[in-house]
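Q: give the three-dimensional model of this entry:
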Amino acid sequence: MARPDGRLSHDLLPGERLPQDACGVFGVWAPGEEVAKLTYFGLYALQHRGQEAAGIATSDGQRLVVYKDVGLVSQVFDESALASLRGHLAVGHCRYSTTGRNSWENAQPTLGGTADRTVALTHNGNLINTAELRDLLAETLGGNLSASRGEVGRGNTTDTAIVTGLLTADEDLPLESAALQVLPQLRGAFSLVFCDESTLYAARDPQGVRPLVLGRLERGWVVASETAALDIVGASVVREIEPGELIAIDEDGLRSQRFAEPAPKRCVFEWVYLARPDTTIAGQEVYDSRVEMGRQLAREHPVEADMVMPTPESGTPAAIGYAEASGIPFGHGLVKNAYVGRTFIAPSQTIRQLGIRLKLNPLRDVIKGKRLVVVDDSIVRGNTQRALVRMLREAGAAEVHVRISSPPVRWPCFYGIDFATRAELIATGLEIEDIRASIGADSLGYISQDGMIEATAQERSSLCTACFSGSYPIELPDETKLGKDVLELQFPVTADGADVTDVGTLDVASPSLN
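A: Residues are numbered from 1 along each chain as shown. Here you go, the predicted model:
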């Protein structure tokens, strides 16, 4: 799937499912600026974090307007849509569905409201106590979720909609006060950017699982999932939003409050794969960490070979590091088709059978007769690596040695990454030698957890490694309440097959309005 910077997040077989981050969030408070366009470009820089839906809400101080739809940022918005979004503050979101169906109803920002204000909220992460929060909201509403004035009452099945409903459940409570009541009740990963007609807010869970940063414009402020999104709109990086912090920005400036004590457990997979390489997290540039992972991988799993090559483009920084530490020349053995990413045209059976060739083509003269070290960031199911090894052998490679710059992924994530199920993960129940045989490589080496952590330059105690170790830093509830579609049961399909969630959202009948 294509990323906004032109690289592919992974080159994979048609239909292959890979780790997906929940979302990208962006907010701006900047009187006198074209806030909708700033948000558009910010979301464009965050497109790798969510490619299923996009939305922007803006406010001029009197009226809050939202425009959202299913699709890439560039597919959802055009000049006329952005021109309709006027004001001095905006929040934006690009979505991958980790909780709730991928539908227009579940696109963000989610809306809620009281008699005198409207709230638009965006969320990166995943809550683990959604069922408990749903019950709390239902109790607040007298047992009837449909009574919610927000999107919950109109069929939105996301954890984000539940949070929005809770923030607006008490008509008499100001939004900032409501946030200080609701935020301590949330469990799991949440980097939130939200607003009402006059104020921009941002909040981050006490563990700081997902990144969230604050930036400064000449005439305002910006908050975003990654520093790369600040760069693209010309904002200077001020600092991270701290774990357990709520900030508010309005005409009186910026103010900060703590709603929980920080207990950092940043997601290590951000450094491995999720974040853009030009992003900085907790003071460490992601690109530098990935190169160091490659160096460490070479030290842990050396091999005699003629060339080190990446799986474009996700494996490139680590491949550079591996070549540097090993002394083996770096080279490109594959050419990618930069325009094959997300597509709404399903490949024909003939094309599907060609598999990975839809996205990659080998440079035969470069590969022929060589012993290759092929570096990638992770193996999920193994289908892509199996097809890649076969392609390289057919192109004349003498040997194919696969090196992976993360440990084996053996456990699901409940904090905002949508992996394949544990049964589908190739590393579940298999030894490294079994995986090597399955993908057909001459050798296979994964970086150790210690080597990966060292490359991030973070304290081990401040990182979440659950997908590699099975150790979950935020206690999980009963597994029956953890399903991705926990809220779908509240809005079942009717007997005649009509989906009762097929309705509009608050004040918006269709994405072409407003």
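Q: contacts and neighbour counts: CA atoms only from here.
A: Fine.
Q: mind listing what's buried in the longest helix belonging to the chain?
A: In the chain, ranked by residue count with DSSP state H as the criterion, the top helix is helix 286-300. Burial within helix 286-300, assessed by neighbour count using 16 or more other CA atoms under 10 Å, is assigned to 286-298.
Q: now it: how far from the chain's centre is it?
A: Counting by CA atoms, centre = their mean, to the nearest Å, helix 286-300 is centred 22 Å from the centre of its parent chain.
Q: past it, which element shows up next along the chain?
A: Next in sequence after helix 286-300, counting helices and strands by DSSP states H and E, comes strand 307-310.
Q: C-terminal to that following strand, what's the next element?
A: Moving toward the C-terminus from strand 307-310, the next helix or strand (DSSP H and E) is helix 316-326.
Q: list the contacts of that following helix.
A: Here helix 316-326 makes contact (CA atoms under 8 Å, 6 or more residues apart in numbering) with 287-288, 290-299, 302, 308-310, 329-330, 374-377, 405.
Q: could you pull out the helices for the stretch 1-150 of the chain?
A: 35-45, 73-76, 79-83, 130-140 (DSSP state H, counting those that start in this stretch).
Q: which of those sits most buried?
A: helix 35-45 (a mean of 25; mean count of other CA atoms under 10 Å).
Q: Gly244 touches Phe259, doesn't it?
A: Yes: the criterion here is CA atoms under 8 Å, and Gly244 meets it with Phe259 at 5.6 Å.
Q: all helices for the stretch 151-300 of the chain, in order.
A: 159-167, 175-182, 227-232, 269, 286-300.
Q: to clarify, my last question referred to the stretch 401-514 of the chain.
A: Going by DSSP H, counting those that start in this stretch, the stretch 401-514 of the chain shows helices at 432-439, 449-456, 466-469.
Q: can you tell me which residues contact Pro277?
A: Per CA under 8 Å, 6+ apart, neighbours of Pro277: 285-287, 290.
Q: dump these to a markdown table, plus pLDDT.
A: A markdown table is the format used below for the contacts of Pro277 (pLDDT from 0 to 100):
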| residue | pLDDT |
| --- | --- |
| Glu285 | 96 |
| Val286 | 97 |
| Tyr287 | 98 |
| Arg290 | 98 |
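Q: between those residues, which sits nearest His123?
A: Nearest to His123 out of the contacts of Pro277 is Val286 (CA to CA; 22.3 Å).
Q: which residues touch the closest one?
A: For Val286, the contacting residues are 271, 275-280, 456, by CA under 8 Å, 6+ apart.
Q: buried only: go through those residues for me.
A: 271, 275-277, 279-280, 456.
Q: report the two of these separated the most.
A: Using CA to CA, the two most remote members of the buried ones among the contacts of Val286 are Arg276 and Thr456, lying 14.3 Å apart.
Q: so which residues of the stretch 301-450 of the chain form strands?
A: Counting by DSSP state E, counting those that start in this stretch, the stretch 301-450 of the chain has these strands, from start to end: 307-310, 334-336, 360-362, 371-376, 399-404, 417-418, 443-446.
Q: repeat that for the stretch 51-200 of the chain.
A: Under DSSP E, counting those that start in this stretch, the stretch 51-200 of the chain gives strands at 53-59, 64-70, 89-95, 110-113, 118-127, 188-195, 200-204.
Q: let's have the ones you listed in a markdown table, adding mean neighbour count, distance to Gly416 and mean pLDDT.
A: Formatted as a markdown table, the strands of the stretch 51-200 of the chain follow (neighbours: other CA atoms under 10 Å; distance: least, CA to CA, whole Å; pLDDT from 0 to 100):
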| stretch | mean neighbour count | distance to Gly416 | mean pLDDT |
| --- | --- | --- | --- |
| strand 53-59 | 30 | 16 | 95 |
| strand 64-70 | 24 | 19 | 92 |
| strand 89-95 | 34 | 11 | 94 |
| strand 110-113 | 28 | 18 | 89 |
| strand 118-127 | 28 | 4 | 94 |
| strand 188-195 | 27 | 7 | 97 |
| strand 200-204 | 27 | 14 | 98 |
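Q: of all these, which one comes closest to Ile367?
A: strand 89-95 (38.5 Å).
Q: list the pairing partners of that closest one within its sheet, with orientation.
A: If you go by DSSP bridges, strand 89-95 pairs up with strand 23-29 (antiparallel), strand 53-59 (antiparallel).
Q: now it and strand 118-127, what's the angle there?
A: 40 degrees (axes from the mean of the first three to the mean of the last three CA atoms, to 10 degrees).
Q: any idea of the angle strand 89-95 forms with strand 200-204?
A: Going by the same axes, to 10 degrees, strand 89-95 makes 40 degrees with strand 200-204.
Q: just to revisit the earlier point, turn the strands of the stretch 51-200 of the chain into JSON lines, including distance to Leu217.
A: Output for these, formatted as JSON lines (distance: least, CA to CA, whole Å):
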{"stretch": "strand 53-59", "distance to Leu217": "18"}
{"stretch": "strand 64-70", "distance to Leu217": "22"}
{"stretch": "strand 89-95", "distance to Leu217": "13"}
{"stretch": "strand 110-113", "distance to Leu217": "26"}
{"stretch": "strand 118-127", "distance to Leu217": "21"}
{"stretch": "strand 188-195", "distance to Leu217": "17"}
{"stretch": "strand 200-204", "distance to Leu217": "15"}
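Q: poorly predicted segments of the stretch 301-450 of the chain, please.
A: Low-confidence segments of the stretch 301-450 of the chain (pLDDT under 70): 339-355, 419-420.
Q: tell me the confidence at Tyr96?
A: We note a pLDDT of 70 for Tyr96 in this prediction.
Q: can you report how many residues neighbour the closest residue to Ala457 other than its chain neighbours?
A: Nearest non-adjacent residue to Ala457, counting by CA to CA, 6 or more residues apart in numbering: Gln284, 6.9 Å away. Gln284 has 15 neighbouring residues, counting by other CA atoms under 10 Å.
Q: beta partners of the residue nearest to Ile432 when sequence neighbours are not counted?
A: Nearest in space to Ile432, with sequence neighbours left out and distances taken as CA to CA, 6+ apart, is Leu444 at 7.2 Å. Beta-bridge pairing of Leu444 under DSSP bridges involves Val402.
Q: residues contacting the residue lying closest to Ile249 once chain neighbours are set aside?
A: Nearest non-adjacent residue to Ile249, counting by CA to CA, 6+ apart: Leu200, 5.1 Å away. Going by CA under 8 Å, 6+ apart, Leu200 touches 27-29, 89-91, 193-194, 248-250.
Q: now stretch 303-310, how far from the centre of its chain.
A: Computed by CA atoms, centre = their mean, the chain-centroid distance of stretch 303-310 equals 31 Å.
Q: show me what counts as buried in it.
A: 303, 305-310.
Q: I'd like these written out as a markdown table, with distance to Cys467 added.
A: Shown next, in a markdown table, are those (distance: CA to CA, whole Å):
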| residue | distance to Cys467 |
| --- | --- |
| Val303 | 27 |
| Ala305 | 31 |
| Asp306 | 33 |
| Met307 | 31 |
| Val308 | 27 |
| Met309 | 26 |
| Pro310 | 23 |
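Q: farthest pair in those residues?
A: Maximum distance among the buried residues of stretch 303-310 (CA to CA): 15.6 Å, for Val303 and Pro310.
Q: contacts only, for the residue nearest to Pro362 when sequence neighbours are not counted.
A: Leaving out its chain neighbours, the residue that sits closest to Pro362 by CA to CA, 6+ apart is Leu334, at 4.4 Å. By CA under 8 Å, 6+ apart, Leu334 lies in contact with 311-312, 360-363.
Q: list buried residues within those.
A: 311-312, 360-362.
Q: closest one of those to Cys467?
A: Thr311 (21.9 Å).
Q: go ahead and confirm the closest one touches Val375.
A: Yes: with contact defined as CA under 8 Å, Thr311 and Val375 form a contacting pair (6.1 Å).
Q: between the buried ones among the contacts of Val286, which is closest to Glu431?
A: Of the buried ones among the contacts of Val286, the one sitting nearest to Glu431 (CA to CA) turns out to be Trp271, at 25.0 Å.
Q: tell me if I'm right that that closest one and Arg290 touch.
A: Yes: using CA under 8 Å, Trp271 is in contact with Arg290, at 6.9 Å.
Q: cheers, nothing more for now.
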